[in-house]
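K.L.:
Have a look at this prediction, sequence included:
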Amino acid sequence: MKEYLICHYAEIGLKGNNRGFFENQLKKNIRNSWPDFDFEKIKTISKRIILEIDGLSVEEKIIWQKKLKKIFGIAYFSFARESKATEKAMAQTGLKLLAEKDFNSFCVRVQRSDKDFPFTSIEMEKRIGALILKKTKKKVDLKNPDQILFVEIIKGHVFVYLEKILGAGGLPVGTAGRAICLLSDGIDSPVAAWQMMKRGLEIIFLHFSSYSKDEALALNKVKKIVKELNNYQGQSKLYLIPFKNWQQKVLKRAGRYGCLLCKRTMLELAERIAQKEKCFTLVTGDSLGQVASQTLENMRAIDKIVNLLILRPLIGFNKQEIINLAQKINTYNLSIIPTKFYCQDILPPHPITRANLEQLIKLEEEIEIETESIKKEILSQAQINIFH
Ligand code: ATP
Ligand code: MG
């Protein structure tokens, strides 16, 4: 009885002619999670990705399960045994699996995509169920059974298993292209990155660092956040840009426009990195009204500086909803480690909430002459970290 992992797609099944592209990316993402795994053992059969996993220990299976739950594009997956295509063999395989379980009632659910198979799914459920009933003397309960025995009959294979493990859903990372995520060390932006990975975007992380103390500790925190998020995409790049020099030169002169100037420069530098990375999309963790820089007027003024598509997946989320997600994806406990940004010491008491774009641009033009060289310098000092 060979052992397999059967992965059922989430929305890929709906993609018609493009399905092959989505399937291949999902297969690639699964492979990336296990560089040591023999690629020959991953196949696509009847809208499922099937991995031959004979000989895995219980501990290894737990690791596989944890990893698979973080691969977008999988609706659910199961550890299954292969069976011969006779009802007797299917019942025997089921009995072996059920022997390890304590249960009083059961039912059989058959999914049959091999339409050449001579019996319908319901007929097979009755036939296999009758054989199991005879051997175990347990009760059949179709509504609320203690155990469900799942049987999948597909072209050339029959798989039997007891559990459907819920996957992450969404679309395989990479199928929607690439984007740069402006990652602060706060709660929101890691969640924003995760939300967009869920829709198939591969995320490149960009962090501007400007700490007034314990910089190494703070950067370590940012790296840990990326490491956690990397579980969802297998490989990640993080740009760390030293920003203090720029802030020191500019912020004191920018008055109430300081935050806006700061965000616009972040976007401007992000655009230069996006060009290098051959992408045209930015992701941020903004949520409408959360802080002064996140009013409609200010977000518009911020966006105007670049010619990029800017995605704000958290725009309509309440803080508590964002926190709940951050806890779910294990970034929350990292995000709340206290750090101190340099600008916190010199922030204006009343930052502008409704930007006047003309005034803002005038101010930038005054400062620009001196800052272009700093921008170039800090970009050249960008540190790139790769996560596997
Ligand atoms: P977060 O939104 O990540 O919790 P925050 O709320 O403290 O952090 P804001 O000042 O509200 O951050 O900034 C809004 C968005 O701007 C962030 O979600 C993030 O996308 C981006 N951003 C802020 N600070 C940085 C930074 N230091 N480096 C990169 N991006 C940043
Ligand atoms: Mg925020």
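P.N.:
Received it, and whenever you're ready, just let me know what you need. Ligands and ions are numbered 1, 2, ... in the order given.
K.L.:
can you count the residues close to Gly55?
P.N.:
8 (other CB atoms under 10 Å). For the C-beta atoms, the positions are set from N, CA and C on the backbone; glycine is no exception.
K.L.:
where's it, which helix or strand?
P.N.:
Using DSSP states H and E, Gly55 sits in no helix or strand.
K.L.:
for it, phi and psi?
P.N.:
Main-chain dihedrals, Gly55, degrees, to the nearest 10: phi 90, psi 10.
K.L.:
Kindly state the beta-bridge partners for the closest residue to it other than its chain neighbours.
P.N.:
Nearest residue to Gly55, sequence neighbours excluded (CB to CB, 6 or more residues apart in numbering): Glu3, at 7.9 Å. Beta bridges link Glu3 to Arg81, judged by DSSP bridges.
K.L.:
what's the burial count for Glu3?
P.N.:
17.
K.L.:
For it, give me its contacts.
P.N.:
Contact analysis of Glu3 by CB atoms under 8 Å, 6 or more residues apart in numbering lists 52-56, 79-82.
K.L.:
Quick check on the nearest residue to Asn104 once chain neighbours are set aside: phi, psi?
P.N.:
Nearest residue to Asn104, sequence neighbours excluded (CB to CB, 6+ apart): Asp146, at 5.6 Å. Main-chain dihedrals, Asp146, degrees, to the nearest 10: phi -70, psi -40.
K.L.:
hang on, Thr44 packs against Lys28?
P.N.:
No: taking contacts as CB atoms under 8 Å, Thr44 lies outside contact range of Lys28: 11.7 Å.
K.L.:
Which strands or helices does the biggest helix by length in the chain pack on?
P.N.:
The helix spanning the most residues in the chain, taking DSSP state H as the definition, is helix 357-380. If contacts are counted by 3 or more CB pairs under 8 Å, 6 or more residues apart in numbering; DSSP states H and E, helix 357-380 sits against strand 236-242, helix 244-254, helix 258-276, helix 296-303.
K.L.:
can you tell me which residues contact Glu297?
P.N.:
Here Glu297 is in contact with 353-355 (CB under 8 Å, 6+ apart).
K.L.:
What distance do you get for the residue located most distally from the centre of the chain to Thr93?
P.N.:
The C-alpha centroid of the chain is most remote from Lys134, which lies 45.8 Å away (CA atoms, centre = their mean). Distance of Lys134 to Thr93, given as CB to CB, to the nearest Å: 16 Å.
K.L.:
and the stretch 251-388 of the chain, which residues reach ligand 1?
P.N.:
Listed as neighbours of ligand 1 in the stretch 251-388 of the chain under the rule CB under 6 Å from any ligand atom: 266, 284-286, 290-291.
K.L.:
Just the buried subset of those residues, please.
P.N.:
266, 284-286, 290 (16 or more other CB atoms under 10 Å).
K.L.:
Correct me if wrong: the residue nearest to Asn104 contacts Leu98.
P.N.:
No: the pair Asp146 / Leu98 is not scored as a contact, 10.1 Å apart, by CB under 8 Å.
K.L.:
And the two? Which one has more around it.
P.N.:
For Asp146 versus Leu98, the count of surrounding residues by other CB under 10 Å is larger for Leu98: 19 against 14.
K.L.:
what residue ranges in the protein score low on pLDDT?
P.N.:
The chain contains residues with pLDDT under 70 at 13-15, 292-293, 369-370.
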